[in-house]
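Trainee: starting from these lines, generate the structure:
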Amino acid sequence: MQVLNKSISKAVERPVKVIQFGEGNFLRGFVDYMIDVANEKGIFNGNIAIVKPISFGSLDSFHEQECQYTLALRGKENGETKEEIRIITSVSDAVECDTEYAAYMDYAHLDSLRFVVSNTTEAGIVFDETDKFELDPPKTFPGKLTKFLFERYTFYKGAADKGMIIIPCELIENNGINLKKCVMQFISLWNLGDAFTSWVEDSCTFCSTLVDRIVTGYPREEAEAIWEKIGYRDNLLDTGELFAFWVIESDRDISEELPLDKAGLPVLFVKDQRPYRERKVRILNGAHTSFDAMAYLAGFDYVGDAMNDATVKKFVMGTLWDEIIPTLSLPREECETFASAVIERFENPFIKHALLSISLNTISKWKSRCLTSFKQYVEKTGSLPKNLTFSLAAILAFYTGNEIKDGALLARRDGESYKVLDDFAVLEFFAAHSGREAKAYAEAYLGNSAYFGEDMTKYEGLVDQVTEYLIQIRNEGMKTAVSKLVG
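Mentor: Reported below is the predicted structural model:
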């Protein structure tokens, strides 16, 4: 079977407008896909040069396939199971930052270049004062970017129209603001001058982003079957869900230069991304965290399997529609549309999302994802949100065990052990308290301000209600307890 290349993809040559730090599955299934669609619709007319920013890994498959690859998007949409398969032709080149340094820096001289996108993991946007300008390349991503921008500034003698639009996709809040801060620190550390500082400030735009799509990557178990279906081998095959959403925040309007929204793509250009981040964290992530422990103890191992259970689905939908959405700042209709998409994403039959994986660090996740919804519900209604309150009891049941082994708290479900993973101090707390009678256990957890930023026992009736739910779970089992809750 022939390996995918440009003779199969019929790729169109386009000017390189984007330099991309990161060759991983997410960028290929998200940014590169969107640019490919915009190219196809005649909206953008620009390609991407990928830079591998770290020494680990290889670009051999990119070179073998002339940077062409297939993306399979699969999931549920408007109640129907759908699949979209397309060859992505928007990537023109892939270079090693370390071993092909000259080729990489040549892109700083490219007249057509306008955008930088990146996904160097959450740890990638850091300032390290030991990084050096003299290194080819500097060791940190912000250091590499600073030197790349300085090369472009020098080559074009500070021309204002040769600035860059920088769009990081790392999963940290205010990623663009933090990246710019690091770049400015390196400019100062390396004494690159006031004129360069002004060029970066005036001619470059740093955007903060919110990205949302599950990209599941290379489908190892299905690859051969997909190759048979598409008629060629593809060692860069990428998979993901149908849903996508990209919010791009910037001080300057960049929508005319990057008109992805005009290609019908789910891209939103805003002055303030915070309401959309709030919606994602509290609906998508909050739903995960509020039902994960309950669903696992009810006997399910994967999100999709749990959502096929009518009782679990009713709990999740009640949490979203009755307790979370009424507390959000965006219009209810927008939030309900997003929540409906979240339900279909949870039901995606192509994604095996393990509940135990989601349960990692649940204690801190509940605070960041669920606490605000809980508090605002109480403020708005004067009563406790029953599902979010029940989720606290489910967490107590999930974190029940007295032995810590190999960095995990050993707990039990239906007589079989499972591992609870969290910070060691958290595990020590639950090993010490989870064997106590229900009210003492609930008081110890809810009164621990380290877990909530406040003493939760101050909320009238919360200790008693969590205690009642926990007793039900202990005596009757999770399935019965949650069934009684949702009716």
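
Trainee: which residue ranges of the stretch 351-487 of the chain form strands?
Mentor: Ranges of strands in the stretch 351-487 of the chain, per DSSP state E, counting those that start in this stretch, are 403-405, 408-413, 416-420.

Trainee: TSV please, covering those strands and showing mean pLDDT and distance to Thr130.
Mentor: Every residue, glycine included, has its C-beta placed from N, CA and C. Output for the strands of the stretch 351-487 of the chain, formatted as TSV (pLDDT from 0 to 100; distance: least, CB to CB, whole Å):
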stretch	mean pLDDT	distance to Thr130
strand 403-405	96	36
strand 408-413	98	35
strand 416-420	97	37
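
Trainee: wait, which of these is closest to Ile358?
Mentor: Distance to Ile358, taken as CB to CB, is lowest for strand 416-420 among those, at 12.4 Å.

Trainee: how far is the closest one from where the chain is centred?
Mentor: 27 Å (CA atoms, centre = their mean, to the nearest Å).

Trainee: list the neighbouring strands of that strand plus their orientation.
Mentor: The strands beside strand 416-420 in its sheet (DSSP bridges) come out as strand 408-413 (antiparallel).

Trainee: other residues contacting the strand it pairs with?
Mentor: When contacts are defined by CB atoms under 8 Å, 6 or more residues apart in numbering, strand 408-413 is touched by residues 296-297, 299, 398-401, 403-404, 417-422, 427, 430-431.

Trainee: out of these, which are buried?
Mentor: Among these, those classed as buried by 16 or more other CB atoms under 10 Å are 296-297, 398-401, 418, 420, 422, 427, 430-431.

Trainee: so among these, where is pLDDT lowest?
Mentor: On pLDDT alone, Asp422 ranks lowest of the buried ones among the contacts of strand 408-413, at 95.

Trainee: give me every residue that touches that residue.
Mentor: 360-364, 399, 409.

Trainee: thinking Val31 is in contact with Gln20, fair?
Mentor: Yes - at 7.1 Å, Val31 counts as touching Gln20 under the criterion of CB atoms under 8 Å.

Trainee: any residues in contact with both of these two?
Mentor: Contact with both Val31 and Gln20 is made by residues 48, 117, according to CB under 8 Å, 6+ apart.

Trainee: re the thing from before, pipe the strands of the stretch 351-487 of the chain into TSV and attach distance to Thr457 per row.
Mentor: What follows is the strands of the stretch 351-487 of the chain, written out as TSV (distance: least, CB to CB, whole Å):
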stretch	distance to Thr457
strand 403-405	26
strand 408-413	23
strand 416-420	23
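
Trainee: what's the closest of these to Gly231?
Mentor: Of all those, strand 416-420 comes closest under CB to CB, at 43.0 Å.

Trainee: need the CA coordinates for the closest one. PDB is fine.
Mentor: What follows is strand 416-420, C-alpha atoms only, in PDB (Å, rounded to 0.1, in the frame of the first residue of the first chain):
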ATOM      1  CA  GLU A 416     -11.800  -4.800  44.100                       C
ATOM      2  CA  SER A 417      -9.100  -2.200  44.800                       C
ATOM      3  CA  TYR A 418      -8.500   0.900  42.800                       C
ATOM      4  CA  LYS A 419      -5.900   3.700  43.100                       C
ATOM      5  CA  VAL A 420      -6.800   7.200  44.100                       C
END
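
Trainee: what's it in contact with?
Mentor: Strand 416-420 is contacted by residues 296, 356, 359, 398-399, 401, 408-412, 427, 430 when judged by CB under 8 Å, 6+ apart.

Trainee: let's see it at 10 Å
Mentor: Residues lying outside strand 416-420 but in contact with it, judged by CB atoms under 10 Å, 6 or more residues apart in numbering, are 293, 296-297, 301, 355-356, 359-360, 362-363, 398-401, 403-412, 426-427, 430-431, 434.

Trainee: filter those residues down to the ones in helices?
Mentor: The members of the contacts of strand 416-420 that map onto helices under DSSP state H are 293, 296-297, 355-356, 362-363, 398, 426-427, 430-431.
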